Structure formats: structure tokens, C-alpha cells
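**Student:** Provide a 3D model corresponding to the input given below.
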Amino acid sequence: MPASFVRRVEDCISKIVREFRRNPELFLTESDLKCRLFMELDSDPVLSKEESTQDGRKTNYVHCESSYFVFGRLNKKRVDITVVNPSNFDFRNQAASRKGYYFAEPSIGMS
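**Tutor:** Presented below is the predicted three-dimensional model:
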């Protein structure tokens, strides 16, 4: 993942940390934290942009509850929030995932 994307994600995380320090009661549960981080990432003008995938479809960069392959096998653990360049997605590869998509590295996963 290019450094510019890593910086965008880090900036969003920093904003959530500042919000927590200002008012921790906004974050009553882990899900509150995940939702606020997702909203922040998905409001970023670059990360929210819909772009073409390998098979010509369109998606954006930010997704929830993604599955990863580890050493060629589907890991049953899901990643809470994933940032992936849309050009790394391929929705033709139905066998690659129960949900019918595959994405190549690099990516940023947050659990």
C-alpha cells in the first residue's frame, strides 16, 4: 500500500483518538469505535472514491468484515476494517471467497 494511503489511514485514526480524548463517552462499545473509524475513513475524499476493479466493476477502498487468505487458505477470522485499492479486487474469482471476491495485497487491515 503506498505511503500516501498509509498516511491517510493514520490521519483518520489520529482524529478518532482526538475525539476519544475530548469525549470518551462517544465510544461506549468496541462497535462504536469501529463505526466511527469506518465513517472517518469512508469520508476521506480519496478512500471513498469509487474506482475500477481488475474485472471492470467499481468499488471503493474501505470495507468491513473482510476475509483474508493466509498461505493460500481462507482464514476464518475476519478483519474489522480493511483498506484496499479497488484495482486489487477481482470479483470474477468466485472460488476465492465465499462472498465471491478476491483482492491482492497490499492492503491495510485493522482488527
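
**Student:** can we go C-alpha only for contacts and neighbour counts from here?
**Tutor:** Fine.

**Student:** so where is this protein shaky, pLDDT-wise?
**Tutor:** Under the criterion of pLDDT under 70, the regions of the chain flagged as low confidence span 1-2, 67-77, 93-110.

**Student:** Remind me which helix or strand residue 5 belongs to.
**Tutor:** Assignment of secondary structure by DSSP states H and E places residue 5 within helix 3-22.

**Student:** neighbouring contacts of that helix?
**Tutor:** Where contact means Cα atoms under 8 Å, 6 or more residues apart in numbering, the residues beyond helix 3-22 that reach it are 26, 27, 36, 37, 40, 41, 44, 108.

**Student:** Who wins on neighbours among those?
**Tutor:** Of all the contacts of helix 3-22, residue 41 has the most neighbours under the rule other Cα atoms under 10 Å, reaching 24 neighbours.

**Student:** In three-state terms, label it for me.
**Tutor:** The three-state label given to residue 41 by DSSP: H, G, I helix; E, B strand; the rest coil is helix.

**Student:** Distance check, the spatially closest residue to it that is not a sequence neighbour against residue 5.
**Tutor:** Once its chain neighbours are removed from consideration, residue 41 has its nearest residue in residue 12; the separation is 6.1 Å (Cα to Cα, 6 or more residues apart in numbering). Using Cα to Cα, to the nearest Å, one obtains 11 Å as the distance from residue 12 to residue 5.

**Student:** cool, residue 25 as well?
**Tutor:** To residue 5, residue 25 is 29 Å away according to Cα to Cα.

**Student:** Of these two, give the one with the bigger neighbour count.
**Tutor:** For the pair residue 25 and residue 5, the greater number of neighbours falls to residue 5 (18 against 10), based on other Cα under 10 Å.
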